[in-house]
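Participant: Return a 3D structure for these sequence lines:
(2 chains)
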Amino acid sequence: MSLKVLTYLVVGASFALYIGIAIWSRAHNTRDFYIAGKGVSPIANGMATAADWMSAASFISMAGLIAFLGYDGSVYLMGWTGGYVLLALFLAPYLRKFGKFTVPEFIAERYYSKTARIVAVICLIFVSFTYVAGQMRGVGIVFSRFLEVEVTVGLIIGMGIVFVYAVLGGMKGITYTQVAQYCVLIFAYTVPAIFIAIQITGNAVPQLAFGSEIAGSGVSLLDRLDGIVTALGFTQYTSGEKSTIDIFCITLALMVGTAGLPHVIVRFFTVPKVRDARASAGYALLFIAILYTTAPAVGAMARYNLLNTIQPGEIGAVDGNLVFEDRPDWMHTWEQTGLVAFDDKNGDGRIQYYNDQNPDFEATAASYGWQGNELSVDRDIMVLANPEIAGLPDWVIALVAAGGIAAALSTAAGLLLVISAAVSHDLIKGIFVPGISEKGELRAGRIAAAVAIMIAGYLGFDPPGWVAQVVAFAFGLAAASLFPAILLGIFYKRMNKEGAIAGMITGLLFTYGYIEFFKGLFLKWAGAPWGENVAANWLFGISPEGIGVVGMLLNFTVALLVSSMTSPPPEHIQHLVEHIRVPRALEE
Amino acid sequence: MTPENRAAYWQANLRLVFGCMIVWFLCSYGFGVLLVDELNAIRIGGFKLGFWFAQQGSIYVFVILIFFYAWRMNSLDQKHDVHED
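Facilitator: Sure thing, here's the model as predicted:
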């Protein structure tokens, strides 16, 4: 059976499974549609949260990013896991106790204000659409490579599948599909990692192989990597280039952003009790950690495999580099997608891969007769190409394709659901048509989900950057807008609506403006980005990825200042805060 | 469930959260970022310790921390008689 047929079979089977689950668990009322009837067990919710939240960026891009960034890639590892501690300790149990349907609904009641609700909806839509654009690009990459269809066709297929189970099943359908998607994606991620770990070190546990010796060499994988990359002019693998303040801020922005992502927060509305919400956060992180502790091992092994392929002999020796005509099959396949490219600058018919941006290495490279780096490899393909690089069987490659699609679809569905809930529950029911019937609201929710899918698909055609980076911005925006408002709402009784609204607007505008200025997000047509994205131009040396931290601090500062100058919240709001702080219902 | 009772519960909760936050900060920002160069002088198997904390250790600590918090909070709920049902 050819790889293509096998891939169609595996991916097709996974789609059939998702649609089957969606039909079995379809939503009958708004409670099912928004919060799965509050009947999800903590472990199932943990799995669903893990799939919801591990996106195309985690699955496809992260290990590749780490492979090229080395230590600097740690920001994603710590940032995208540490946020669950914040979520578990500061938000999840209290929002579960509040016990309503959406994040803007909490903001609206806590801050007794429709304006606050609208601002929260705007923040939510901003964050979620930025994020969903990254997912759609992930779907496009996977489809175009593995199913050999046009990216456009791939996007439409992906949109169609999400449409079926998100529109039909709502939160209930999404939850149980996500449980299945978690199983598919974690299996697809760990199986190749285990194979590669055995090949390189003889140790089957990737987390341990990461710190083991390369089989038969007596040198540890990381030491060997440090040795090769520095000999090719790159920074040491185990130390980075980014400044400490930038590492610090990016990690913090990702952590706080994780805790502030609406599609993650609402997952904790679906469990039966407060204590389930606490436990569920632990399970979610445990399931996430399985992938997140494997990813850096995959990254290091992928980098090692790539360097070994290109540089089989001694560095600098005439015959030390791979002869172009002898390049392995996986390079042929990926060349067709344009994600791997080779340019024989010195005309020797061999591939030289090194850091030609390093001035200290120029003389050495010249003495080898190298005239520039000749190979460009897109970081996003490292996980997808990994099984081929390691020469694993075809079924593993097919599985990775299904896993990548599962990761992208599960996250896209979760995001689309919070967008549709924000429109149908917060805008339509909450503000414009309070008298709408339950049936009408459910229909509005389904229509909103359908429209959101179309917009997301459109964003997927012209995404504002590569997957992990686009997603990183969504975290910055969430950190700067929603997180402070929710946190203060629970932990600071005196916080009032004026403060919360001013804080959210400040945080969102500042962070969005900074990112748009340096990276260009939605205003490319108007000439964005306007500033050159280099460290010398950054505020306090903080990159756009880390600026959410400054936005968050601004949000807190403005919120506290404004609320101290305006009147305290009414009595019944103080009572509401008392109520969400304890698990048991207050008798009175 | 008296107001004093609830206040004591909330204080105990804040103390627990504060303690957890210190551990959270130390194992990620402390060992993995601020002190990474110092810790990298120490080796555990093939790992430099600071690098290990940044890419592995911090994540393990986070998982343990949440389960620890959930366990402690559940017993605080009981102790202060604010648990569900």
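Participant: if you skip the residues just before and after it, what's nearest to the closest residue to chain A within chain B?
Facilitator: Nearest residue of chain B to chain A (CB to the nearest CB) works out as B:Gly46 at 3.0 Å. C-beta here means a position set from N, CA and C on the backbone, and glycine is covered the same way. Nearest non-adjacent residue to B:Gly46, counting by CB to CB, 6 or more residues apart in numbering or on different chains: A:Ser220, 3.0 Å away.
Participant: Which residue ranges of the chain form strands?
Facilitator: Because you didn't say which chain, this covers chain A. Ranges of strands within chain A are A:340-342, A:375-377, based on DSSP state E.
Participant: Can you look at chain B instead?
Facilitator: With DSSP E as the criterion, chain B has strands at B:43-44, B:47-48.
Participant: Endpoints of stretch A:538-558, how far apart?
Facilitator: 22 Å (CA to CA, to the nearest Å).
Participant: Would you mind listing the residues in contact with the closest residue to chain B within the stretch 51-200 of chain A?
Facilitator: Residue nearest to chain B within the stretch 51-200 of chain A: A:Ser74 (3.7 Å; CB to the nearest CB). The contact partners of A:Ser74, by CB atoms under 8 Å, 6 or more residues apart in numbering or on different chains, come to A:66, A:240, A:247, A:251, A:296, B:32-33, B:51, B:54-55.
Participant: Check pLDDT for the residues you listed and point me to the minimum.
Facilitator: Lowest pLDDT among the contacts of A:Ser74: A:Gly240, with 78.
Participant: what's the spacing between that residue and A:Ser58?
Facilitator: Distance from A:Gly240 to A:Ser58, counting by CB to CB, to the nearest Å: 20 Å.
Participant: Counting neighbours, go ahead and name the busier of those two.
Facilitator: Neighbour count, other CB atoms under 10 Å in any protein chain shown: between A:Gly240 and A:Ser58, A:Ser58 has more, with 26 against 21.
Participant: wait, doesn't A:Gln181 sit right on A:Gly404?
Facilitator: No: look at A:Gln181 against A:Gly404 with CB atoms under 8 Å: they stay out of range, at 11.1 Å.
Participant: how deep is residue 43 tucked in, by neighbour count?
Facilitator: With no chain named, the answer covers chain A. Counted with other CB under 10 Å, A:Ile43 comes out at 16.
Participant: was after chain B, sorry
Facilitator: 16.
Participant: May I have the beta-bridge partners of it?
Facilitator: For B:Arg43, the beta-bridge partners are B:Lys48 (DSSP bridges).
Participant: from the middle of its chain, how far away would stretch B:6-15 be?
Facilitator: Offset of stretch B:6-15 from its chain centre (CA atoms, centre = their mean, to the nearest Å): 17 Å.
Participant: Poorly predicted segments of chain B, please.
Facilitator: Along chain B, no part satisfies pLDDT under 70.
Participant: Can you pull up the most central residue in it?
Facilitator: Nearest to the mean C-alpha position of chain B, by CA atoms, centre = their mean, lies B:Cys20 at 3.1 Å.
Participant: OK, contacts around it?
Facilitator: A:85, A:89, B:65, B:68-69.
Participant: Closest to A:Asn496 out of the residues you listed?
Facilitator: Ranked by distance to A:Asn496 (CB to CB), the contacts of B:Cys20 are led by A:Leu89 at 24.3 Å.
Participant: Quick one: neighbours of that closest one, just the number.
Facilitator: 24.
Participant: rewinding a little: which among the strands of chain B is found nearest to A:Gly169?
Facilitator: The nearest among these, by CB to CB, is strand B:47-48 at 43.9 Å.
Participant: any residues touching that closest one, and which ones?
Facilitator: Strand B:47-48 has contacts (CB under 8 Å, 6+ apart) with A:210-211, A:222, A:238, B:39-42, B:56.
Participant: Pick out the most distant pair among those residues.
Facilitator: Across the contacts of strand B:47-48, the longest distance by CB to CB is 19.4 Å; it joins A:Phe210 and B:Ala41.
Participant: For these two, indicate the residue with more neighbours.
Facilitator: Set A:Phe210 next to B:Ala41 and count neighbours by other CB under 10 Å: A:Phe210 wins out with 29 against 9.
Participant: Tell me the backbone dihedrals of that one, please.
Facilitator: Dihedral pair for A:Phe210: phi -50, psi -40, per degrees, to the nearest 10.
Participant: measure it to A:Leu91 for me?
Facilitator: Distance, A:Phe210 to A:Leu91, using CB to CB: 32 Å.
Participant: quick one: contacts for A:Asn305?
Facilitator: When the contact criterion is CB under 8 Å, 6+ apart, the partners of A:Asn305 are A:196, A:200, A:386, A:389-390.
Participant: near chain B at all, stretch A:234-250?
Facilitator: Yes: judged by CB under 8 Å from any CB of the partner chain, stretch A:234-250 comes into contact with chain B through A:238-239, A:244, A:247-248.
Participant: Identify each buried residue in that stretch, please.
Facilitator: By neighbour count on 16 or more other CB atoms under 10 Å in any protein chain shown, the buried set for stretch A:234-250 is A:234-240, A:242, A:245-250.
Participant: So of those residues, which two are at opposite extremes in space?
Facilitator: The span of those, defined through CB to CB, is set by A:Phe234 and A:Cys249 at 24.0 Å.
Participant: any idea which of the contacts of B:Cys20 is closest to A:Ala188?
Facilitator: A:Val85 (27.1 Å).
Participant: Hmm, B:Phe62 and the closest one touching each other?
Facilitator: Yes: look at A:Val85 against B:Phe62 with CB under 8 Å: they come within range, at 5.3 Å.
Participant: and for these two, which residues touch both?
Facilitator: Shared between the contact lists of A:Val85 and B:Phe62 (criterion: CB under 8 Å, 6+ apart) are residues A:285, B:24.
Participant: residues contacting A:Phe33?
Facilitator: Contacts here follow CB under 8 Å, 6+ apart; on that basis A:Phe33 touches A:27, A:170-172, A:421, A:442, A:445.
Participant: Point out the least confident one among these.
Facilitator: In terms of pLDDT, A:Ala27 ranks lowest among the contacts of A:Phe33, with 75.
Participant: The nearest residue to it once chain neighbours are set aside: neighbouring residues, count only.
Facilitator: Nearest-residue entry for A:Ala27: A:Gly170, 3.7 Å, with adjacent residues in sequence omitted and distances by CB to CB, 6+ apart. By other CB under 10 Å, the residues close to A:Gly170 number 31.
Participant: mind listing what A:Gly170 touches?
Facilitator: By CB under 8 Å, 6+ apart, A:Gly170 lies in contact with A:26-27, A:32-34, A:36, A:417, A:445-446.
Participant: do that again at 6 Å, thanks
Facilitator: For A:Gly170, the contact set (CB atoms under 6 Å, 6 or more residues apart in numbering or on different chains) comprises A:27, A:32-33.
Participant: Correct me if wrong: A:Ala485 contacts A:Ala502.
Facilitator: No: with contact defined as CB atoms under 6 Å, A:Ala485 does not count as touching A:Ala502 (10.3 Å).
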